[in-house]
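K.L.:
what's the 3D shape of this:
(one chain, ligands or ions: 2)
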Amino acid sequence: MRRWRFLRTLRARLTVTHLIAMLVVTAVYATIVSALIVRNASQSLDDRLRNDFRWAATMAQQNPDGRFTWFEDDERPENNPWLNVSNSDGETIYRTPVAIRSPVPESEWLVNNADGSIAIVPNDGIPFRVLSGQANIAGQPVVIQIGRSEFFMREELAEFFLVLVIGLPLSVTVTSLVGYWLARRSLSPLERMTKYAQAITADRLDERLPFDNPRDEIGRLVNAFNALLDRLEESFQQARQFTSDVSHELRTPLTVMRSVGEVGLRGDRDATDYRTIVGSMLEEVNRLTDLVDRLLTLSRSDIGSLKLKAETVELGELADGIVSDLDVLAEEKNQTLSVERVDSALCVADGVVLRQALINIVDNAIKYSPSASQIRIRTFTVGAHSSLEVRDMGPGIPPDLQQRIFDRFYRYGPDASGNIGVGLGLAIAKSFIEANGGELVCESVAGEGSCFRVQLPRKSLPANPEGCR
Ligand SMILES: Nc1ncnc2c1ncn2[C@@H]1O[C@H](COP(=O)(O)OP(=O)(O)O)[C@@H](O)[C@H]1O
Ligand SMILES: [Mg+2]
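P.N.:
Numbering: from 1, shown residues only. Ligands and ions are numbered 1, 2, ... in the order given. Modelled structure (predicted):
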């Protein structure tokens, strides 16, 4: 398809389409206009012949000798028409000088068919129209023949066609050139965009495309493209941050394992020492496994490969199950863990995934709250939502950190026992709840405690048909 290579650009395709459309439209238009003009010219020549016939029938003069002559315009004899009058025997009784000068042989035959019709006969290559009709002059039946050449009509038509033949290609060429120029001008910002976009690489994601008019189509496209770059830059930034956080987290247990190993190899030790060393190395291996597991869960949830079931879950029941599992941890710190079910909070979610999310939240409440404090879980419904709240009496979270605590690896300060966590618990909880169509928010007043609220779309019970009656 080498021949069509010039059509590769949008500009060329627009121009060619425009040109073809112009050609088709002007050709159709010119054909219709030409047909109308030819028909009108022919009709008006026929009308003139009929007028001439009526004129000829009234302009007869009878000479004293009984012969007929016709009024002739002597000053402008060229105005006199071609006129031939015959008597009922077919003999010519009068002829204008024009008819004498240019005899039309077919006219003799037409005398016998004088029914008022117009015949077209060839005359020196230029068609000649002859109207032959019966008339009555001074009581005598005669045949009047009036003729006119198509010469002037053809001359006018030729002029018109000349204008068409020169004018149409000229106007098509001019409009095509204007179309090409317009296409070029309108598409030039796209070319600029292409060059800029080609220059943007992963290291230069902060660059943005320029635009002239933010409201036109190109401006809106550039805006959308720049917004895409914003999102790309943000997710590249997050990915970089995540990779560096993960490497950092993996380093700590690895460093611990190496130093424990190095210390173990220094000098001779007895079996109990080696058991202690291997034990603490295994502890670090467990930490690593736990970290890797959590990361895997998070990335599965990120790419949407978490297979979610759609089960009917009652949040109160779920809370009871979690409390019976985590009560041991709370008891260790002498804390009370209670559930208050305000009303039946039904929702459609994956029970196991939702449970994992809630365990992370309740586990935090236990970890970050002081001994002998209360942790209250409340389940209720508001409007179209079923909710679960975990309220503790811990240190609370400052307002500026209430969003950040959901970021991966973000943690601050040690828990009540002085341990520093990994910072993935809330990120996992949020991601799991959102995967189930819900929302996790934190409300907290520093120094007074925190409240984590899970909101899920409420599942309404099927209407009781008995009750409807
Ligand atoms: N109930 C809570 N009270 C006070 N601070 C909390 C509470 N829950 C979470 N946080 C803060 O949010 C941070 C992130 O929590 P999380 O993602 O679970 O990580 P981790 O528990 O592993 O440190 C914690 O480091 C802690 O500072
Ligand atoms: Mg946690």
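K.L.:
which residues of the stretch 351-469 of the chain fall in helices?
P.N.:
351-368, 425-435, 465-468 (DSSP state H, counting those that start in this stretch).
K.L.:
same question, the chain
P.N.:
Using DSSP state H, the helices of the chain run over 10-58, 97-101, 106-111, 151-199, 217-265, 271-302, 315-332, 351-368, 425-435, 465-468.
K.L.:
comparing those helices, which yields the minimum mean pLDDT?
P.N.:
For the helices of the chain, the stretch scoring lowest in mean pLDDT is helix 465-468; its value is a mean of 42.
K.L.:
spatially, what comes nearest to the residue of the stretch 201-350 of the chain found nearest ligand 2 if we skip its sequence neighbours?
P.N.:
Nearest residue of the stretch 201-350 of the chain to ligand 2: Arg294, at 10.3 Å (C-beta to the ion). (C-beta placed from N, C-alpha, C; glycine too.) Excluding its sequence neighbours, the residue lying closest to Arg294 (C-beta to C-beta, 6 or more residues apart in numbering) is Leu424, at 4.9 Å.
K.L.:
contact partners for that neighbour?
P.N.:
When contacts are counted by C-beta atoms under 8 Å, 6 or more residues apart in numbering, Leu424 touches 291, 294-295, 298, 408-409.
K.L.:
reformat the residues you listed as a markdown table; add neighbour count and distance to ligand 1.
P.N.:
Compiled in a markdown table, these are given as follows (neighbours: other C-beta atoms under 10 Å; distance: C-beta to the nearest ligand atom, whole Å):
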| residue | neighbour count | distance to ligand 1 |
| --- | --- | --- |
| Leu291 | 17 | 10 |
| Arg294 | 18 | 9 |
| Leu295 | 18 | 13 |
| Leu298 | 18 | 11 |
| Arg408 | 20 | 8 |
| Phe409 | 16 | 8 |
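K.L.:
need the max-distance pair from those.
P.N.:
Leu291 and Arg408 (11.7 Å; C-beta to C-beta).
K.L.:
what's the neighbour count on Ala330?
P.N.:
21 (other C-beta atoms under 10 Å).
K.L.:
quick one: it from ligand 1, how far?
P.N.:
13 Å (C-beta to the nearest ligand atom, to the nearest Å).
K.L.:
measure the residue lying closest to that residue once chain neighbours are set aside to Leu254 for me?
P.N.:
Leaving out its chain neighbours, the residue that sits closest to Ala330 by C-beta to C-beta, 6+ apart is Leu337, at 4.4 Å. In this view, Leu337 and Leu254 are 36 Å apart by C-beta to C-beta, to the nearest Å.
K.L.:
kindly report the same for Ser171.
P.N.:
Ser171 is 80 Å from Leu254, by C-beta to C-beta.
K.L.:
check Phe128 too.
P.N.:
If you go by C-beta to C-beta, the gap between Phe128 and Leu254 works out to 113 Å.
K.L.:
still on that earlier bit, isn't the residue nearest to Ala330 up against Val390?
P.N.:
No. With contact defined as C-beta atoms under 8 Å, Leu337 does not reach Val390; the gap is 9.7 Å.
K.L.:
domain assignment for this structure?
P.N.:
8-156, 217-302, 311-457 (automatic domain parsing).
K.L.:
briefly note if the last one comes near ligand 2.
P.N.:
What it means is domain 311-457. Yes. Residues of domain 311-457 contacting ligand 2 under C-beta under 5 Å from the ion: 364, 421, 425.
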